[in-house]
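Trainee: Structural data only, the sequence is not supplied:
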């Protein structure tokens, strides 16, 4: 299993601030696998080029090359609106 | 008599923060008259184009056209260095 | 003196600024900005969420960048997360320097980055429920002033 | 809320800023700059003289200009005159606004004008006596940013 943390309005689309995603045995999770495991509206929303991805707290330079394994925390980060 | 208020380092050149200048009876004080009544070093210093003049608290647009009368307060204002 | 904090409970900026100023003896000037939850019509509450593994490290990187760009003696950067009511402070940035332009510039720089390049997400509660705040074009223009 | 003062005795900026902030309910941000007498090597005291008929009216004109140029809710501008020791506050400018850029800009604007266009004359006491401070080219360049 991997944990998917949903920030900002992605949490609304996912229905919760975090989801757990089952991992195929002995295989890592890639971008397509992640999207397949998420609710359809959320999977679509994270294709927005402004949505960034972090694995275990480190930003991934290119989310389409995501590789995550068992126990990893994947954070999905929409555009910020802070301060 | 008119009062001449000396600000900043002009007070050092005048030897005091304020001087009184006698006025010729029935005549006003002009720029040449003011300079003639002041210590020579001060008279020279106030020709610096950055030195401004106020009469009774109002800045004079052109100090060379100064006209002051009995009881007036003439302020000699060198460049500021404030804040 | 460097003091970078994320707080999940209300804070009183006045209680931070005095000690910060005293901790930088010999300073020429201190510039402080305090941002509060605006009393916009109909807004009952504001919630700021963040992603802990990125947010505080990001604030430290921002402080590093401010120290590199400006000649500073000290920098205080405190940001709220969680639920806030109108009138509550959200952010307090204070910079101490020998010269005023460094202090003012550092606060301006940090605020622009906290607004549009820090890991915070904001939503407002109105009578009809919660609404996420989208990033504003103006914030990105403000940020662009510091680039290139 | 507008509060413009010349003070001839020491003041504590913290005692001004809290009430000023509270006097502007609904604000989005407050920016404050406090300038202190720097502890430059060998400087024992600093004296600021002014010309009363021009100085306070000039500060009010500066406040008018700040209110015209920026969208402000309040402006506090307090300046010391007389004799000061290193570490004592000289000036405190605080601006309250709905938006941070107005608050920051107004403080920057007022400070640049107080530094080089307000009727103050400064001298320093060193071991060998008093020395008048000349205007700095940098201050005039800072001021020029707001012109034209």
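Mentor: That came through, no problem. Quantities reported herein were computed from a predicted structural model and do not represent experimental measurements. Residues are numbered from 1 along each chain as shown, chains lettered A, B, ... in the order given.
Trainee: any idea how far the residue in chain C sticking out farthest from the centre lies from chain B?
Mentor: Distance from the C-alpha centroid of chain C, by C-alpha atoms, centre = their mean, peaks at residue C:128 (28.8 Å). The gap separating residue C:128 from chain B is 50 Å, by C-beta to the nearest C-beta, to the nearest Å. Just so you know, the C-beta spots here come from the backbone N, C-alpha and C atoms, and that holds for glycine as well.
Trainee: Phi first, then psi, for that residue.
Mentor: The phi/psi pair for residue C:128 (degrees, to the nearest 10) reads phi -90, psi 10.
Trainee: If I look at it, what pLDDT would I see?
Mentor: Looking at residue C:128, its pLDDT is 94.
Trainee: Stretch C:49-67 vs chain A: in contact?
Mentor: Yes. Legend: contact between stretch C:49-67 and chain A by C-beta under 8 Å from any C-beta of the partner chain is shown at C:49, C:51, C:53, C:54.
Trainee: measure residue A:15 to residue C:142 for me?
Mentor: Distance of residue A:15 to residue C:142, computed by C-beta to C-beta, to the nearest Å: 34 Å.
Trainee: again, but for residue C:86
Mentor: Applying C-beta to C-beta to residue C:86 and residue C:142 gives a distance of 23 Å.
Trainee: Between the two, which is the more surrounded one?
Mentor: With neighbours defined as other C-beta atoms under 10 Å in any protein chain shown, residue C:86 and residue C:142 compare such that residue C:142 has more, 18 against 15.
Trainee: ok, for the one residue sitting closest to the centre of chain C, nearest residue in space, not its chain neighbours?
Mentor: The residue lying closest to the centre of chain C (C-alpha atoms, centre = their mean) is residue C:91, at 4.1 Å. The shortest distance from residue C:91 to any non-neighbouring residue, by C-beta to C-beta, 6 or more residues apart in numbering or on different chains, is to residue C:35 (4.4 Å).
Trainee: Same question for residue C:146.
Mentor: residue C:109 is the one closest to residue C:146 (C-beta to C-beta, 6+ apart), at 5.9 Å.
Trainee: Report the mean confidence score over the helix or strand harbouring the one you found.
Mentor: Using DSSP states H and E, residue C:109 falls within helix C:100-116. Helix C:100-116 carries an average pLDDT of 95.
Trainee: what's in contact with the next helix or strand along the chain from that helix?
Mentor: The helix or strand immediately downstream of helix C:100-116 is strand C:120-126, counting by DSSP H and E. Strand C:120-126 is contacted from outside by A:7-9, A:78, A:80-83, C:40, C:42-50, C:55, C:79, C:81, C:114, C:130-133, using C-beta atoms under 8 Å, 6 or more residues apart in numbering or on different chains.
Trainee: ok, of those residues, which come out buried?
Mentor: Listed as buried from the contacts of strand C:120-126 are A:7-9, A:78, A:80-83, C:43, C:46, C:48-50, C:55, C:79, C:81, C:114, C:132-133; burial here means 16 or more other C-beta atoms under 10 Å in any protein chain shown.
Trainee: Show me those that map onto helices.
Mentor: C:55, C:114 (DSSP state H).
Trainee: among the buried ones among the contacts of strand C:120-126, which are in strands?
Mentor: C:46, C:48, C:49, C:50, C:79, C:132 (DSSP state E).
Trainee: Farthest pair within those?
Mentor: Within those, C:79 and C:132 form the most distant pair, 18.4 Å apart (C-beta to C-beta).
Trainee: For the helix or strand encompassing residue C:30, name the packing helices and strands.
Mentor: Secondary-structure assignment from DSSP H and E places residue C:30 in strand C:29-36. Strand C:29-36 sits against helix C:13-22, strand C:89-97, helix C:100-116, strand D:29-36, helix D:100-116, with contacts defined as 3 or more C-beta pairs under 8 Å, 6 or more residues apart in numbering or on different chains; DSSP states H and E.
Trainee: So what's the gap between the last one and the chain middle?
Mentor: To tie it back to what came earlier, the one meant is helix D:100-116. Relative to its parent chain, helix D:100-116 has a centroid offset of 9 Å by C-alpha atoms, centre = their mean, to the nearest Å.
Trainee: That helix to strand D:89-97, inter-axis angle?
Mentor: Angle of helix D:100-116 versus strand D:89-97, following axes from the mean of the first three to the mean of the last three C-alpha atoms, to 10 degrees, is 150 degrees.
Trainee: Output the contacting helices and strands for helix D:100-116.
Mentor: Packed next to helix D:100-116, using 3+ C-beta pairs under 8 Å, 6+ apart, are strand C:29-36, helix C:100-116, strand D:29-36, helix D:52-69, strand D:74-80, strand D:89-97, helix D:137-144.
Trainee: which of these has the lowest average pLDDT?
Mentor: Among those, helix D:137-144 scores lowest, with a mean of 82.
Trainee: Which positions in it come out as buried?
Mentor: Those would be D:139, D:142, for helix D:137-144 by 16+ other C-beta under 10 Å.
Trainee: got the angle for it vs helix C:100-116?
Mentor: Going by the same axes, to 10 degrees, helix D:137-144 makes 40 degrees with helix C:100-116.
Trainee: Tell me the helices and strands packed up against helix D:137-144.
Mentor: Helix D:137-144 packs on helix D:100-116, going by 3+ C-beta pairs under 8 Å, 6+ apart.
Trainee: Taking strand C:29-36 as reference, get the angle to the helix it packs on.
Mentor: Using the same axes, to 10 degrees: helix D:100-116 against strand C:29-36 is 160 degrees.
Trainee: before we move on, back to that, closest to residue D:12 out of the helices and strands packed on helix D:100-116?
Mentor: Here strand D:89-97 is closest among the helices and strands packed on helix D:100-116 (C-beta to C-beta), at 7.6 Å.
Trainee: The nearest residue to residue C:14 once chain neighbours are set aside: neighbour count?
Mentor: Ranked by C-beta to C-beta, 6+ apart and with sequence neighbours excluded, the top spatial neighbour of residue C:14 is residue D:18, at 5.2 Å. By other C-beta under 10 Å, the residues close to residue D:18 number 14.
Trainee: Same question for the one 4 residues further on.
Mentor: Counted with other C-beta under 10 Å, the burial measure for residue D:22 works out to 11 neighbours.
Trainee: What pLDDT is listed against it?
Mentor: pLDDT, read off for residue D:22, is 88.
Trainee: just the one 3 residues further on next, same as before
Mentor: At residue D:25, the pLDDT value in this model is 85.
Trainee: which sections of chain A are below the confidence cut-off?
Mentor: A:24-26, A:82-83 (pLDDT under 70).
Trainee: How about the residues of it by chain C?
Mentor: Residues of chain A lying near chain C (C-beta under 8 Å from any C-beta): A:5, A:7-9, A:11-12, A:54, A:56-57, A:59, A:73, A:75, A:77-83.
Trainee: Repeat the analysis, applying 6 Å as the threshold.
Mentor: A:7, A:8, A:9, A:57, A:75, A:79, A:80, A:81, A:82, A:83 (C-beta under 6 Å from any C-beta of the partner chain).
Trainee: Report how many residues lie close to the spatially closest residue to the fourth one that is not a sequence neighbour.
Mentor: Same thing as residue A:57. In this structure, residue A:57 finds its nearest non-sequential neighbour in residue C:53, 2.9 Å apart by C-beta to C-beta, 6+ apart. Per other C-beta under 10 Å, the neighbour tally for residue C:53 reads 17.
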